[in-house]
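Chemist: Whatever this is, show me its structure:
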Amino acid sequence: LAHPSIAPYGVFRSKDGKEILISIQSEREWKTLCAKVLGQPGLPDDPRFANMVERVGNRTVTDQIVSDSFGKLTREELLAKLAEADIAFAEVNSMDDLAKHPHLRRLEVDTPNGKVSYPAPAALVVGEDRHYGKVPAIGARTKGS
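Modeler: Below you'll find the predicted structure:
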């Protein structure tokens with residue numbers, strides 16, 4: 001996920017192995033990230049990391065510094081620090097994480113083989129109740145049955 005003209009930009013792992021995507025697009029964000037998340041407020045003074053062009057040119061070292069710092073904190077610690085610092089980030093979720101996500105509504109329906117839970121359609125229409133019936137058996141709705 002590296003960006004050709006932005007650094008740091010990409011996925012970094014937390015201490016507990018969870019992935020977080022960050023995108024540092026300005027010098028203000030870089031200074032804030034260094035001070036409030038990485039714990040290295042003097043890093044922007046290093047000529048190798050003083051501006052975007054230098055950070056991109058030194059991407060390997062830049063990314064390693066971010067990676068090392070992220071690797072010392074759990075996902076929850078990092079999310080709190082990034083949110084507090086107002087840094088752009090996104091959680092990279094596994095399929096299991098997505099299945100447990102609080103915003104993923106699930107439905108349970110009857111099928112010929114028992115109850116099944118699956119993700120509900122995303123769109124909700126205000127004032128409209130959706131009703132989901134049971135899944136018909138194979139051939140139950142074909143002509144002649």
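Chemist: beta partners for the most centrally placed residue in the chain?
Modeler: The residue at the geometric middle of the chain, judged as the C-alpha nearest the mean C-alpha position with C-alpha atoms, centre = their mean, is Glu91 (2.0 Å). The partner list for Glu91 in beta bridges (DSSP bridges) reads Ile20.
Chemist: check contacts around it.
Modeler: Counting by C-beta atoms under 8 Å, 6 or more residues apart in numbering, Glu91 makes contact with Lys18, Glu19, Ile20, Leu21, Arg75, Leu79, Asp97. In this view, the C-beta of every residue, glycine as well, is placed from N, C-alpha and C.
Chemist: What distance do you get for it to Ser26?
Modeler: From Glu91 over to Ser26 the distance is 22 Å, taken as C-beta to C-beta, to the nearest Å.
Chemist: worst-scoring helix or strand of the protein, pLDDT-wise?
Modeler: None of the helices or strands of the chain scores lower by mean pLDDT, DSSP states H and E than helix 95-100, at a mean of 82.
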